[in-house]
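> Would you be able to build a 3D model of this:
(chains A and B)
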Number of protein chains: 2
Amino acid sequence: MRESEIINLFLRHLKRQGNLPLGDDAGAIKLGDEWLVATNDMLVRKTDVPGIMTPEQVGFKAVTMNVSDVAAMGARPIGFLFSLGVPGDVNVEYLEGVARGIGKALEFYGIPVLSADTNEADDLIIDGIALGRTRRLLTRSGARPGDLVCVTGDLGRALAGLLVWKHELKVKARVRNALYEKLLEPRARVEEGTALSGVATSAIDVSDGLSKELHVIAEMSGVGIEVEAERIPVRREVLEAAEVIGAEPLSLALASGEEFELTFTIRPELAESLDFECTVIGRVFSGAGVYITTEGKRQEMPVLGWEHLSRGENGTYRGVFR
Amino acid sequence: MRESEIINLFLRHLKRQGNLPLGDDAGAIKLGDEWLVATNDMLVRKTDVPGIMTPEQVGFKAVTMNVSDVAAMGARPIGFLFSLGVPGDVNVEYLEGVARGIGKALEFYGIPVLSADTNEADDLIIDGIALGRTRRLLTRSGARPGDLVCVTGDLGRALAGLLVWKHELKVKARVRNALYEKLLEPRARVEEGTALSGVATSAIDVSDGLSKELHVIAEMSGVGIEVEAERIPVRREVLEAAEVIGAEPLSLALASGEEFELTFTIRPELAESLDFECTVIGRVFSGAGVYITTEGKRQEMPVLGWEHLSRGENGTYRGVFR
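Next up, the predicted model:
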């Protein structure tokens, strides 16, 4: 069964939902004049963790991926919970590393652990839960025609790093370090998310790749989005790695998941007042679909995941834009 | 590694905790003049689910076990989240049954699902999370000398039912039904928990067996507890099954876990005003330890779990009290 089939199966039976229907970065309920935001994300070592990650990085990331969803709702994180599935033959040093990573992440984000549970399981599993609060909820469905489309940070390093590691490609140490920093130690955009809460019209965190996130915002907001390829922030190291990988930098940037950057829409007159770094990459229009303009050519943006970048027989990736 | 070792390992690294330290039924943080209560509990099919349970009962129980922890804090449940680990070869009907069970439980407890996540895993895993709110938190640490010790409902049916099923013992249909009802379809004591919030001095839900829970309250409150064996509420069906099982009814009642009854302590003058059924089983004294009086004989109460009721060679359970 595919994940989407499982989700649909459950949705048929879950009629009671919060004040915000399922389908956003996190769920939310109104408590007095504030919103309580809650999200959870399960990390299974065998399928979700590249072998290169240290246990400490694994623990830190289990917190980051949940805090990022809270931030994408415009909420300030207020607490973390986790459940562990632990195999009988688990390595104690590994588990200690995971614990250290979770502890460091809680310090980094300034949130307490509220509850923890441990069980025996076949895989090492960390199910993380983050709670947050905000006065004004930032959803995926508020984008309006005329809004600018923006993104924090840069994109593509996580996927480029994964491919360099997976295929044991040779790149300069400087390049490798820049890619691995994002692949192994991503950080959630908490300050940016809370700053956007009163200002942006919609937001989502880049966990499945920018192209997929833009499609989600367009569909849930009932609008169209157009993006200019050359505006998408890609660091020099991704351009260098892309050549060795044999992939287009643009495809890497659009497909790269678990970046934990925020992409958001905002009225043009409010964009100038933002006090953090971000890049305007496009615009919302009245209509539907997501389009990208590359070298003057406008085309529909495909929904790209890293699984779409299958390697051809000649060892290069199938191009999407050339 | 044992569960307690894993927990201690993590506690060394988790310095940031909520307004209530870890170790209660749920975690809690103060939001304005209310407490937000949060708890999580992972259910692994292979180790936690007796084969006799229908998938719908499994789904319902994943909600009940978390709602019960919220109720034990004196809080009203306000939302549920869950993460699923799903094996690639999972049976669709089974998954559909689990979804139906979760949906029914949310209706039963009147709470919405706020967030759900699904992942591939080797086992079927349901990690449930419940949130609640209350003005006055009910902890495990507030019992005071002179308090009465009470318990809701009756005890022993879950364990007696498990043993009858496991060893394929023959009992009357009436007995089996009564035991299986509690084993397969336990319900959390939400009304009782919220009613106790302003009244009781401490509370805990019976998830690991009454004897263990009483030891936890005694230790965390820094008091002693004495209980009279004949006051512990045990239904006739447990007495009948105990003979066939070859175990003492009292051992069954003290060791039976996942009962989801509440045991609590309360000032004697307030006990009479409770508007729900419960049984006074003992008293809190200034001191330490947990004692039980059986047929006039006072002795220390052992910490009993069902694993302590190992079957002897003659097919009967080792007695603890005879």
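> got the residue ranges for the strands in the stretch 1-150 of chain A?
Remark: strands of the stretch 1-150 of chain A, listed N- to C-terminal, are A:27-31, A:34-44, A:76-86, A:113-120, A:125-134, A:148-151; assignment by DSSP state E, counting those that start in this stretch.
> strand partners of the third one, parallel vs antiparallel please.
Spelled out, that is strand A:76-86. Taking DSSP bridges as the criterion, strand A:76-86 pairs within the sheet with strand A:113-120 (parallel), strand A:125-134 (antiparallel).
> still on that earlier bit, want to throw the strands of the stretch 1-150 of chain A into TSV with distance to A:Glu185?
Any C-beta I mention is one placed from the backbone N, CA and C, and that applies to glycine too. Formatted as TSV, the strands of the stretch 1-150 of chain A follow (distance: least, CB to CB, whole Å):
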stretch	distance to A:Glu185
strand A:27-31	28
strand A:34-44	15
strand A:76-86	18
strand A:113-120	20
strand A:125-134	16
strand A:148-151	19
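> With mean neighbour count and mean pLDDT as new columns, can those be given to me in a markdown table?
As requested, these are arranged in a markdown table below (neighbours: other CB atoms under 10 Å in any protein chain shown; pLDDT from 0 to 100):
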| stretch | mean neighbour count | mean pLDDT |
| --- | --- | --- |
| strand A:27-31 | 21 | 91 |
| strand A:34-44 | 26 | 93 |
| strand A:76-86 | 26 | 94 |
| strand A:113-120 | 22 | 89 |
| strand A:125-134 | 27 | 96 |
| strand A:148-151 | 23 | 98 |
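> quick one: contacts for A:Ala160?
Under the criterion of CB atoms under 8 Å, 6 or more residues apart in numbering or on different chains, the contact list for A:Ala160 reads A:Leu179, A:Glu237, A:Val238, A:Ala241, A:Ala242, A:Ile245, A:Leu252, A:Ser256.
> So which of the residues you listed wins on neighbours?
Each of the contacts of A:Ala160 was scored by neighbour count (other CB atoms under 10 Å in any protein chain shown); the top score is that of A:Ser256, with 32 neighbours.
> The nearest residue to that one once chain neighbours are set aside: which element?
Closest residue to A:Ser256 in three dimensions, ignoring its sequence neighbours and counting by CB to CB, 6 or more residues apart in numbering or on different chains: A:Leu159, at 3.5 Å. Assigned by DSSP states H and E, A:Leu159 belongs to helix A:157-166.
> Over to A:Glu213?
helix A:210-221.
> Show residues contacting that helix.
Residues outside helix A:210-221 that contact it (CB under 8 Å, 6+ apart): A:23, A:139-144, A:149, A:151, A:155, A:202, A:204-207, A:223-225, A:227, A:232, A:253-256, A:259, A:263, A:265, A:284, A:288-290, A:301-305.
> how far away is the closest residue to A:Val284 other than its chain neighbours from A:Arg267?
Once flanking residues are discounted, A:Val284 sits nearest to A:Asp147: 4.2 Å by CB to CB, 6+ apart. Computed with CB to CB, to the nearest Å, the distance linking A:Asp147 and A:Arg267 is 6 Å.
> what sits against the residue nearest to A:Glu295 when sequence neighbours are not counted?
In space, not counting the residues next to it along the chain, A:Glu295 is nearest to A:Ala229; the distance is 7.6 Å by CB to CB, 6+ apart. Taking CB under 8 Å, 6+ apart, we find A:Ala229 in contact with A:Leu250, A:Ile292, A:Thr293, A:Thr294, A:Glu295, A:Phe321.
> Now do the end-to-end distance for stretch A:149-164.
Stretch A:149-164 has an end-to-end distance of 30 Å (CA to CA, to the nearest Å).
> Where strands are concerned, which of the contacts of A:Ala229 count?
With strands identified by DSSP state E, the entries of the contacts of A:Ala229 that belong to them are A:Ile292, A:Thr293, A:Thr294.
> can you redo these as a markdown table with neighbour count, distance to A:Gly103 and pLDDT?
Rendered in a markdown table, the data for the ones in strands among the contacts of A:Ala229 read as follows (neighbours: other CB atoms under 10 Å in any protein chain shown; distance: CB to CB, whole Å; pLDDT from 0 to 100):
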| residue | neighbour count | distance to A:Gly103 | pLDDT |
| --- | --- | --- | --- |
| A:Ile292 | 23 | 42 | 97 |
| A:Thr293 | 16 | 46 | 97 |
| A:Thr294 | 16 | 45 | 94 |
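> Stretch A:125-144: how far from the chain's middle?
12 Å (CA atoms, centre = their mean, to the nearest Å).
> Also stretch A:71-90?
Remark: stretch A:71-90 is offset 16 Å from the chain centroid, using CA atoms, centre = their mean.
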